[in-house]
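In: got a predicted structure plus its sequence, pasted below:
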Amino acid sequence: MRDRSKLTTEKRNVRSTDIDGRTTLEIVDIINAEDAVVAPAVSRQRRQMATAVDIIVEAFRRGGRLFYVGAGTSGRLGVLDASECSPTFGTRPSQVQGIIAGGRRALVRAVEGAEDSASDGALALDRRHFRPDDVLVGIAACGLTPFVRGALKRARQMRAATVFITCAPEGTKGVQVDVVINPVVGPEVVTGSTRMKAGTATKLVLNTLTTSAMIKTGKVYGNLMVDLTATNEKLRERSERIVMAVTGLSRRQAAQLLARARGMVKVAILMHQRNLTFQQARKRLKQCGESLRAAIEEVP
């Protein structure tokens with residue numbers, strides 16, 4: 001498409017046409033008012049997101065992985081969400097991966113033209129050894145990014161599950177995927193600057209997909225991240241607080257229990273709640289599909 005002016009993400013916002021002549025406070029108010037439409041737009045895609053989550057969970061349970069593919073802001077958001085899964089939920093770094101057009105350099109500096117090649121998108125999947133059991137989530141605010149479309153086409157050729165996230169309803173036409181998530185947030189405050197509302201909507205969607213999938217696969221007990229990887233002092237202290245909250249132990253006792261559990265919060269809690277050794281707790285968690293709730297509540 002040569003003329004993208006008809007795309008929702010490229011149209012001029014009638015509420016900000018004179019924003020350059022407004023006071024600082026008025027500029028802030030206009031931006032804030034536009035941001036207020038994002039959450040409702042994402043909420044209207046709740047069923048589509050739930051369907052996508054179930055697809056991702058099914059893939060995880062059969063050993064598959066989740067890949068995000070995007071360019072520019074969309075690519076950076078995918079890489080960000082993927083990179084945060086391992087410390088938050090204790091996943092393997094390979095389980096959730098982000099691919100951005102232009103590679104690592106594009107994370108901190110624009111790589112012009114990187115998004116314009118569909119074949120490069122397909123090649124990026126091949127280089128990561130993408131498999132039919134994996135899930136590909138393509139992210140393109142305008143819906144037309146060739147790099148993303150190329151990756152989605154390659155995934156479809158492999159009969160892998162595919163999800164497409166775009167903020168432009170026009171961009172959903174002709175896309176063959178399993179699920180389309182289309183939060184329509186309207187034209188941007190600065191015309192075409194999809195790092196704003198479209199980026200915020202995308203971040204909310206990605207948060208929902210991975211967090212929901214991790215909850216469904218036993219990475220959360222109640223609302224506690226019991227599979228976190230304690231890689232720094234903050235997370236080590238959080239591990240102790242989680243154990244304390246579930247078991248009622250003192251901080252000293254929680255720290256001692258975690259030491260016996262080799263720092264594994266989920267294992268430590270189960271050891272205490274069911275009076276098990278480390279090996280017994282690990283075995284029981286495996287038998288219960290890594291669900292701490294099932295491991296605690298079900299009769300052995």
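Out: Structure received.
In: where along the chain do the strands fall?
Out: 66-70, 96-100, 135-139, 161-165, 179-181 (DSSP state E).
In: quick one: closest of the ones you listed to Ala59.
Out: Across those, the minimum distance to Ala59, taken as Cβ to Cβ, is reached by strand 135-139, at 4.7 Å. For the C-beta atoms, the positions are set from N, CA and C on the backbone; glycine is no exception.
In: tell me the angle of the closest one relative to strand 96-100?
Out: Relative orientation of strand 135-139 and strand 96-100, computed by axes from the mean of the first three to the mean of the last three Cα atoms, to 10 degrees: 40 degrees.
In: strand 135-139 pairs with which strands, parallel or anti?
Out: strand 66-70 (parallel), strand 161-165 (parallel) (DSSP bridges).
In: give the contact list for the residue nearest the centre of the chain.
Out: Taking Cα atoms, centre = their mean, the centroid of the chain lies closest to Leu206, which sits 3.4 Å from it. By Cβ atoms under 8 Å, 6 or more residues apart in numbering, the contact list for Leu206 reads Tyr68, Leu77, Gly78, Asp81, Val137, Ile139, Ile165.
In: could you redo the last one with a cut-off of 10 Å?
Out: Residues in contact with Leu206 (Cβ atoms under 10 Å, 6 or more residues apart in numbering) are 68, 70, 74, 77-78, 80-82, 84, 98, 137, 139, 165, 181.
In: for Ile139, give its distance to Leu258.
Out: With the distance defined as Cβ to Cβ, to the nearest Å, Ile139 ends up 37 Å from Leu258.
In: could I get the strands of the chain as JSON lines with distance to Arg149 and mean neighbour count?
Out: Shown next, in JSON lines, are the strands of the chain (distance: least, Cβ to Cβ, whole Å; neighbours: other Cβ atoms under 10 Å):
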{"stretch": "strand 66-70", "distance to Arg149": "10", "mean neighbour count": "28"}
{"stretch": "strand 96-100", "distance to Arg149": "14", "mean neighbour count": "24"}
{"stretch": "strand 135-139", "distance to Arg149": "7", "mean neighbour count": "29"}
{"stretch": "strand 161-165", "distance to Arg149": "9", "mean neighbour count": "26"}
{"stretch": "strand 179-181", "distance to Arg149": "13", "mean neighbour count": "23"}
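In: would a markdown table of those strands with mean pLDDT and distance to Thr200 be doable?
Out: Shown next, in a markdown table, are these (pLDDT from 0 to 100; distance: least, Cβ to Cβ, whole Å):
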| stretch | mean pLDDT | distance to Thr200 |
| --- | --- | --- |
| strand 66-70 | 98 | 15 |
| strand 96-100 | 97 | 18 |
| strand 135-139 | 98 | 13 |
| strand 161-165 | 98 | 13 |
| strand 179-181 | 98 | 14 |
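In: would you format the ones you listed as TSV with distance to Ser212 included?
Out: Formatted as TSV, the strands of the chain follow (distance: least, Cβ to Cβ, whole Å):
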stretch	distance to Ser212
strand 66-70	12
strand 96-100	13
strand 135-139	13
strand 161-165	13
strand 179-181	13
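In: for Lys219, which of these is the nearest?
Out: That would be strand 96-100 among the strands of the chain, by Cβ to Cβ, at 11.5 Å.
In: where along the protein do the helices fall?
Out: Counting by DSSP state H, the chain has helices at residues 24-35, 38-43, 46-61, 72-89, 118-127, 146-157, 197-216, 233-247, 251-260, 265-274, 278-287, 292-297.
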